[in-house]
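Novice: for reference, the sequence and a predicted model appear below.
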Amino acid sequence: MFAINFSKPNHNLFKRAAALHFLLFAIFTLANCRRANQPVQTDLPTHEVTDDLGRTIKIPQTIERAVSLAPNLTENIFAVGAGNKLVGVTSFCDYPEEAKVIPKIGDTINPNIETIIALKPNIVFVSTASQIENFTKTLEGQNIAVFITNPNDFEGILRNLKQLGDVLGTSAVAEKLIADLQNRVKAVEEKVKDKPKPKVFVQISKEPLFTVGKDSFITEIIERAGGQSATKDVATAYPKLSKETALALNPGAIILSESPDNLEPNDVFKNSDAVKNNRVFRVNAALLARPGPRIVDALELLAKDLHN
């Protein structure tokens, strides 16, 4: 009878097995490292699209993997029905709830380029050109397209939603969303068209005092909600105001972009008509400041506050 002696292990056999295990592990690790350093697959059918800066970029006909570098872009991608294509978002991307469990690639200002490349996206969506100046060439060298969005008015927001739907293959969802948003905006405008238009100051931060200028989409939202922005002629999108300039404005209403450090009007407004008449309103910063579908939620709230 053949017998196995369990009391005396075969050390040579164990050594050979261990060596084989180590060799297989090394081969597996090397293969993974090589794959991580390889560019994204390039033999997919492609077509050309144009982003908000007028850049023509080549992208796959079908996008399977995308990275978002801004909270509003993450919201927009989910809104057009393509959230399942996101494989990476920033640490600031907190809406919708599903976005919180997507792998993080750093924050909006300092995304981790190595992490992005390792995720092998077909495309990276960026909210401003300044975000990508340092690493566009690196991404393009890995066959990763970079699509820049830069909406500065409501029509630009709608255009961005259509672009995302077209690029990500969810055009029907995007078109339905856009039609719904347009109808809601028209309903608000119809309600406020014959009402007085109070002078509105939007406070983005208390100290230092930042507001919205003529290049911000929020200025247009104030107008559509039946108000007139006190700073609509101030240059740039988000100017910093001196106390002297702010004091002279005397707004009839103040809108606070609500955040932990922006819960009260700046002291310069303590004698303003807005404060004296208790016309200070708070709108969640994520609703007001992100150029996406929820800006219409902010519009509806503003119209109600300004004309209650």
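Specialist: Ah, there it is. Numbers count the residues shown, from 1 in each chain.

Novice: do you have the helices of this structure handy? List them.
Specialist: For the chain, the helices defined by DSSP state H occupy 11-37, 71-79, 113-118, 136-141, 154-168, 171-192, 217-224, 243-249, 273-276, 285-289, 295-306.

Novice: what's the pLDDT at the closest residue to Ala82 other than its chain neighbours?
Specialist: Leaving aside its chain neighbours, Ala82 sits nearest to Leu168 (3.9 Å; criterion: CB to CB, 6 or more residues apart in numbering). All C-beta spots, glycine's among them, are computed from the backbone N, C-alpha and C. Leu168 carries a pLDDT value of 96.

Novice: likewise Gly83?
Specialist: pLDDT, Gly83: 97.

Novice: wait, it touches Glu98, no?
Specialist: Yes: between Gly83 and Glu98 there is a contact under CB atoms under 8 Å: 6.0 Å.

Novice: higher neighbour count, these two?
Specialist: Using other CB atoms under 10 Å, the more surrounded residue of Gly83 and Glu98 is Gly83, with 21 against 12.

Novice: report the separation between the residue nearest to Lys243 when sequence neighbours are not counted and Ser205.
Specialist: Ranked by CB to CB, 6+ apart and with sequence neighbours excluded, the top spatial neighbour of Lys243 is Val268, at 4.9 Å. Look at Val268 and Ser205: by CB to CB, to the nearest Å, they are 13 Å apart.

Novice: re the thing from before, which of the helices of the chain is buried the deepest?
Specialist: Sort these by mean neighbour count, taking mean count of other CB atoms under 10 Å, and helix 71-79 sits at the top with a mean of 25.

Novice: and that one, what does it pack against?
Specialist: Helix 71-79 sits against strand 66-68, strand 86-88, strand 123-126, helix 154-168, with contacts defined as 3 or more CB pairs under 8 Å, 6 or more residues apart in numbering; DSSP states H and E.

Novice: and the average pLDDT for it is what?
Specialist: Mean per-residue pLDDT for helix 71-79: 97.

Novice: and if you look at stretch 127-143?
Specialist: Per-residue pLDDT values across stretch 127-143 average out to 73.

Novice: repeat for stretch 180-187
Specialist: Computed over stretch 180-187, the average pLDDT equals 98.

Novice: one step back: for the residue nearest to Ala82, which residues are in contact?
Specialist: Leu168 makes contact with Ile63, Ala66, Ile77, Val80, Ala82, Lys85, according to CB atoms under 8 Å, 6 or more residues apart in numbering.
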